[in-house]
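[1] Starting from these lines, generate the structure:
(2 chains)
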Protein chains: 2
Amino acid sequence: MFQLTWFLALSFIIKQTSCELYTALADLKEVLHTESTLINSLDQYIQAEHKKLELLQKYSEIYKQQHTEASEDIENYVANPINAYILIKRLTTDWQHVESLMNMQLGHDYLKNISMYREYLKFPTDEDLNGAAVALTRLQDTYNLDTSALARGELNGIKYSSELSAADCFELGRQSYNNGDFYHTQLWMREADSRLNSETNKTVEKSDILEYLAFSTYKQGNLPLALDLTNKLLEIFPAHPRALGNKGFYEEEMEKLNELKIKGDDESEDIPINDEQMAPQVQYPERELYEQLCRGEVTTDIA
Amino acid sequence: MFQLTWFLALSFIIKQTSCELYTALADLKEVLHTESTLINSLDQYIQAEHKKLELLQKYSEIYKQQHTEASEDIENYVANPINAYILIKRLTTDWQHVESLMNMQLGHDYLKNISMYREYLKFPTDEDLNGAAVALTRLQDTYNLDTSALARGELNGIKYSSELSAADCFELGRQSYNNGDFYHTQLWMREADSRLNSETNKTVEKSDILEYLAFSTYKQGNLPLALDLTNKLLEIFPAHPRALGNKGFYEEEMEKLNELKIKGDDESEDIPINDEQMAPQVQYPERELYEQLCRGEVTTDIA
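    Presented below is the predicted three-dimensional model:
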């Protein structure tokens, strides 16, 4: 039942985002079929690469075994014409085989096949991804959903879907950032950071999260926190070119603010630095009303 | 002691073949050093490829796990906006990572490094290989050495060196073939074939051996055997283009021979078909003398 409400909410939001989204479940089912084909291709590629590596491993073992034998008594080894022939052969004919195996572009061949699938299988685009991310963040606003709970796939304490990885959260933040939505960028980058700390196999780089988080924090008006986050980024990645530039910029801005503060001491209050997350701008009045409706905050006269 | 005799014999023969050979032991020692560098590079490349494959394997497992979850209840899965987002992300951002891993040309990078080694490390050439093969076959003639024993690294029943693989024997045959020495081509291709039968991990294709063996047999004058070997090759590789052409040619030649035989019945003996291996032409009288000396077949007046 809740699932249906979710879906209805999603449908409404998707209608608003208007770009080519996978609104129809049928489309998403087709995408699942595409995924199955891709998994098969990936597995076949991995198997083929393993076979190539097994062959190279055998070459390596033979080389090592014969090389060790030679190293035990180099003088006698190279003085023997059979050994001399085998040694020269290992580094000419045999090595040519090794090089041609190393040169094999199996990945390239498999990708060529996969690109052919694009002609008749449904592949989602970057626009679809952006649409799906926007749909999710709007649903979050509509129902005032807690970011962490949403990332665990939970709604009102019940698990409805897969959990999001740190990388999934990061991508939600990145999509929000690309849409100029720094409020959701902050929310999802923080969630990404929090999830990353408990991941054994890290799905995203902490430095990438910090970069987006710092800049969106600055864009949201919290200069001291943006500087602090940038310093943390520089601890991990001291030569990070954009972080170094931003650090200088934030420090200059902080100085300007402090000067203004000193000047303003005589006649006005401290210039407030917004430490709170700023809510995103509501662009459509009908959407605001719809969200209130969904939250049960509006009653109609009809009853 | 015998080792020294071998080396002296080899030195003499190498002097005769004259091209840039690894006559000096110092050169062969340097080649061993090159080999050690190549083994390291090969191992590093194998390791790097394994890491890449491990990463791809992880992607494959995550894809499979989530795909299986989706397949259990497709309708509900795709109706959930978190699942919808994750599914679309898997096939856009995540798949881009998979594709860039598949596209990585690690082998190409390692080979670029190896080609730089060629500037300061000693690499034997194809000419050196040919020289080493010629040296070995001449040593074989000089001491009337049995091919199979030589392939086992034995001399007079004592093991002096590494054993030759089927591929090593094949290459000796191929080098002899390239030098127009069909006598040694036959000897070593037969040895390659015999060794191949007992190899668990085949080092060469039987069809390649048969092709060289058939043609060198024809060149040595044994037409029926050349045809028989070609038929065997066609059993393995029915569409082999050169074998098909040769078969036709050998059959025509056989017919001509039979006609000559019939015509000759009244007035002469059967035209003999040489079923024996023809010994190679001795080109240098001083070499023949040297070989006789080595075998103790010549005594000097002095003493």
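[2] ok, which residues in the stretch 101-250 of chain A are in contact with chain B?
    A:101-105, A:107-108, A:110-111, A:114, A:123-126, A:128-129, A:132-133, A:135-136, A:139, A:150, A:153, A:160-162, A:164, A:167-168, A:171-172, A:201 (CB under 8 Å from any CB of the partner chain). In this view, the C-beta of every residue, glycine as well, is placed from N, C-alpha and C.
[3] for residue A:173, what are its contacts?
    Residue A:173 makes contact with A:184-189, A:191-192, A:209, A:212-213, A:216, according to CB atoms under 8 Å, 6 or more residues apart in numbering or on different chains.
[4] Please enumerate the helices of the stretch 51-200 of chain A.
    Listed in chain order, the helices of the stretch 51-200 of chain A (DSSP state H, counting those that start in this stretch) span A:74-79, A:81-89, A:95-103, A:106-117, A:126-142, A:147-151, A:166-178, A:182-197.
[5] Pull the contacting residues for residue A:58.
    residue B:201.
[6] What's the local residue count around the closest residue to residue A:226 other than its chain neighbours?
    Nearest non-adjacent residue to residue A:226, counting by CB to CB, 6 or more residues apart in numbering or on different chains: residue A:218, 3.7 Å away. Residue A:218 has 20 neighbours, counted by other CB atoms under 10 Å in any protein chain shown.
[7] Repeat that for the one 10 residues further on.
    Each residue near residue A:228 was counted by other CB under 10 Å, and the total is 14.
[8] where are the low-confidence patches of chain A?
    Low-confidence segments of chain A (pLDDT under 70): A:1-24, A:264-303.
[9] any idea how it splits into domains?
    A:1-120, A:126-262 (the TED database).
[10] and the ones you listed, which is most packed in?
    domain A:126-262 (a mean of 19; mean count of other CB atoms under 10 Å in any protein chain shown).
[11] start to end distance for that one?
    Taking CA to CA, to the nearest Å, domain A:126-262 runs 48 Å from one end to the other.
[12] Check the offset of it from the chain's centre.
    11 Å (CA atoms, centre = their mean, to the nearest Å).
[13] do stretch A:41-51 as well
    With CA atoms, centre = their mean, you get 25 Å for stretch A:41-51.
[14] again with stretch A:50-66
    For stretch A:50-66, the distance to the chain centre is 36 Å (CA atoms, centre = their mean).
[15] Alpha carbons of it, as PDB, please.
    As requested, the backbone C-alpha atoms of stretch A:50-66 are provided in PDB (Å, rounded to 0.1, in the frame of the first residue of the first chain):
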ATOM      1  CA  HIS A  50      41.600 -15.400 -16.600                       C
ATOM      2  CA  LYS A  51      42.400 -17.900 -19.400                       C
ATOM      3  CA  LYS A  52      44.900 -15.500 -20.900                       C
ATOM      4  CA  LEU A  53      46.500 -14.900 -17.400                       C
ATOM      5  CA  GLU A  54      46.700 -18.600 -16.700                       C
ATOM      6  CA  LEU A  55      48.600 -19.100 -19.900                       C
ATOM      7  CA  LEU A  56      51.000 -16.200 -19.000                       C
ATOM      8  CA  GLN A  57      51.300 -17.600 -15.500                       C
ATOM      9  CA  LYS A  58      52.500 -20.900 -17.100                       C
ATOM     10  CA  TYR A  59      55.000 -19.000 -19.200                       C
ATOM     11  CA  SER A  60      56.200 -17.200 -16.100                       C
ATOM     12  CA  GLU A  61      56.600 -20.500 -14.100                       C
ATOM     13  CA  ILE A  62      58.600 -22.200 -16.900                       C
ATOM     14  CA  TYR A  63      60.800 -19.100 -17.300                       C
ATOM     15  CA  LYS A  64      61.400 -19.000 -13.500                       C
ATOM     16  CA  GLN A  65      62.100 -22.700 -13.200                       C
ATOM     17  CA  GLN A  66      64.600 -22.600 -16.100                       C
END
